[in-house]
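In: quick one: sequence plus predicted model below, questions after.
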Amino acid sequence: MRAFLDLISNSQWDSGISFVGCGSATPQKVISNHQLGQRVDTNDEWIQSRTGIGERRVIGDHESLIDLATDAALNAVEMADWDVKTIDLIILATSTPEDLFGSAPKIQSNLGASNAFAFDLTAACSGFLFALVTASQYLASGSIKRAVVIGADQLSKWVDWDDRKTCVLFGDGAGAVALESSGDKSGLIGYDLKSDGSKGGCLNLSQSNIFLNLVQGATHQKGEYLPIKMEGKEVYKFAVKEVPIILGEILEKYQIKSENIDWLLLHQANQRILDAVASRFSIPSEKVLSNLKHYGNTSAATIPLMLDEAVRDHRIKSGDLIACSGFGAGLSWGAALFYWHGPY
Ligand code: UT7
């Protein structure tokens with residue numbers, strides 16, 4: 001491992017961007033499969049065997065997505081041991097902002113990060129990876145030194161809780177990472193991002209087509225969204241086809257063998273997808289990170305939420321190599337290879 005690390009850190013792949021902190025926050029309320037079975041025609045056996053999900057958390061009274069995202073970011077900043085005034089950039093990856101004009105500035109103000117600029121980024125379940133890569137461009141250019149990237153979603157707002165094909169899958173949560181440029185330890189090795197809007201109809205949270213009278217001879221569109229609609233099988237096939245391709249491509253590009261990966265960290269959508277991707281690279285199950293059992297699919301939050309859990313319980317150690325991939329609506333997908341360099 002050490003020789004391999006030296007090889008990478010001495011090579012042309014040095015991005016100069018380090019992962020120095022992570023954090024997460026989840027709602028208090030846990031909804032079990034059994035409880036969902038009291039609402040729709042489903043059961044724990046079906047959900048566990050088809051998805052690996054045992055329970056999920058849902059934002060209820062006295063909680064908000066912005067509060068969760070703020071807590072996740074704060075945990076990451078504390079782990080990095082940063083003064084909040086030194087943060088230059090905050091990106092909130094979310095498809096469920098509390099304000100369509102953006103929720104990131106509210107988080108910036110909650111944190112007291114008065115020197116940071118902040119904005120939202122939407123790429124559904126791939127959002128965290130897209131935001132990570134966006135932040136890395138600012139860091140690599142030298143225009144900023146410190147960034148916090150948050151993935152947070154409250155899909156429970158937009159799920160049709162009477163549609164058993166989708167309601168069993170999703171949960172709410174938030175996760176964050178603290179990224180630093182010009183650290184002495186380079187973390188981000190490389191990445192790739194992709195989109196295919198022609199298949200976007202497989203998974204939507206689209207606006208309703210309601211037009212109301214505005215004035216004589218003119219209408220306007222009412223601002224309103226329909227519940228999440230998904231062709232599960234199509235999304236499944238897309239994920240098990242494209243994730244191995246994109247991961248394989250970046251592994252090849254950076255000449256990294258799959259046996260050198262310490263952890264496979266995929267978007268947590270379905271345990272069968274995690275297992276299928278791992279088996280394509282002969283990655284043993286002990287190296288495949290999964291917390292689907294407790295949180296389900298928290299959209300943009302899954303990757304940093306899982307990272308934070310595995311860092312804080314000391315599975316991921318400083319210097320570990322992580323192969324990461326996210327995928328989802330858009331359709332969109334991406335992959336990144338990075339070393340964890342946080343203090344744990
Ligand atoms: O982050 C976004 C990315 N999203 C994903 O990655 C989702 C990808 N897709 C999947 O994970 C899977 O396709 C699902 C978990 C959504 C569905 O699993 P599946 O094995 O593809 O099931 P299916 O849709 O083919 O349904 C099989 C059967 C159907 O019954 P019939 O027609 O065979 O009688 C469904 O009606 O299971 C039924 N079914 C359920 N039964 C009990 C569907 N949902 C449920 C349910 N409980 N919740």
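Out: Nice, I can see it.
In: only C-alpha atoms from now on, for both contacts and neighbour counts.
Out: Will do.
In: list the contacts for the residue nearest in space to the middle of the chain?
Out: Nearest to the mean C-alpha position of the chain, by Cα atoms, centre = their mean, lies Ala300 at 3.4 Å. Taking Cα atoms under 8 Å, 6 or more residues apart in numbering, we find Ala300 in contact with 93-95, 123-128, 151-153, 174.
In: could you redo the last one with a cut-off of 10 Å?
Out: Residues counted as contacts of Ala300 (Cα atoms under 10 Å, 6 or more residues apart in numbering) are 92-96, 122-131, 150-155, 172-175, 267-268, 326-328.
In: could you tell me how many residues sit around Cys125?
Out: Cys125: 32 surrounding residues under other Cα atoms under 10 Å.
In: part of a helix, is it?
Out: Yes. Counting by DSSP: H, G, I helix; E, B strand; the rest coil, Cys125 is located in a helix.
In: quick one: it and the ligand, what's the gap?
Out: Using Cα to the nearest ligand atom, to the nearest Å, we find Cys125 at a distance of 5 Å from the ligand.
In: I'd guessed that residue sits against Ser299; true?
Out: Yes. The pair Cys125 and Ser299 qualifies as a contact (Cα atoms under 10 Å) at a distance of 4.3 Å.
In: identify the contacts common to the two.
Out: Once Cα under 10 Å, 6+ apart is applied, the residues that Cys125 and Ser299 both contact turn out to be 93-95, 151-153, 267-269, 326-329.
In: so which of the residues you listed sit within strands?
Out: Cross-referencing the shared contacts of Cys125 and Ser299 against strands under DSSP state E gives 93, 151-153, 326-328.
In: check contacts around Phe211.
Out: By Cα under 10 Å, 6+ apart, Phe211 lies in contact with 218-223.
In: grab the nearest non-local neighbour of Phe327.
Out: Trp333 (4.0 Å; Cα to Cα, 6 or more residues apart in numbering).
In: three-state assignment of the one you found?
Out: Secondary structure, three-state DSSP: Trp333 is strand.
In: find the nearest non-adjacent residue to His294, please.
Out: Counting by Cα to Cα, 6+ apart, Glu55 is the residue found nearest to His294 once chain neighbours are left out, at 5.1 Å.
In: and the one you found, how far from the ligand?
Out: In this view, Glu55 and the ligand are 13 Å apart by Cα to the nearest ligand atom.
In: ok, how many other residues are close to that residue?
Out: Here the neighbour count serves as a burial measure; for Glu55 (other Cα under 10 Å) it reads 25.
In: kindly report the same for Leu212.
Out: For Leu212, the number of neighbouring residues by other Cα under 10 Å comes to 11.
In: from Ala218, how far off is it?
Out: The spacing between Leu212 and Ala218, counted by Cα to Cα, to the nearest Å, is 9 Å.
In: can you check Trp161 too?
Out: With the distance defined as Cα to Cα, Trp161 ends up 35 Å from Ala218.
In: same check, this time on Leu321
Out: Look at Leu321 and Ala218: by Cα to Cα, they are 58 Å apart.
In: who has more neighbours out of the two?
Out: More crowded of Leu321 and Ala218, by other Cα under 10 Å: Leu321, with 23 against 9.
In: check contacts around Gly190.
Out: With contacts taken as Cα under 10 Å, 6+ apart, Gly190 has the following neighbours: 13-15, 133, 250-251, 253-254, 335-338.
In: for the ligand, what are the nearby residues on the stretch 101-250 of the chain?
Out: Within reach of the ligand by Cα under 6 Å from any ligand atom, the stretch 101-250 of the chain has these residues: 125, 164-165, 168, 232-233, 235-236.
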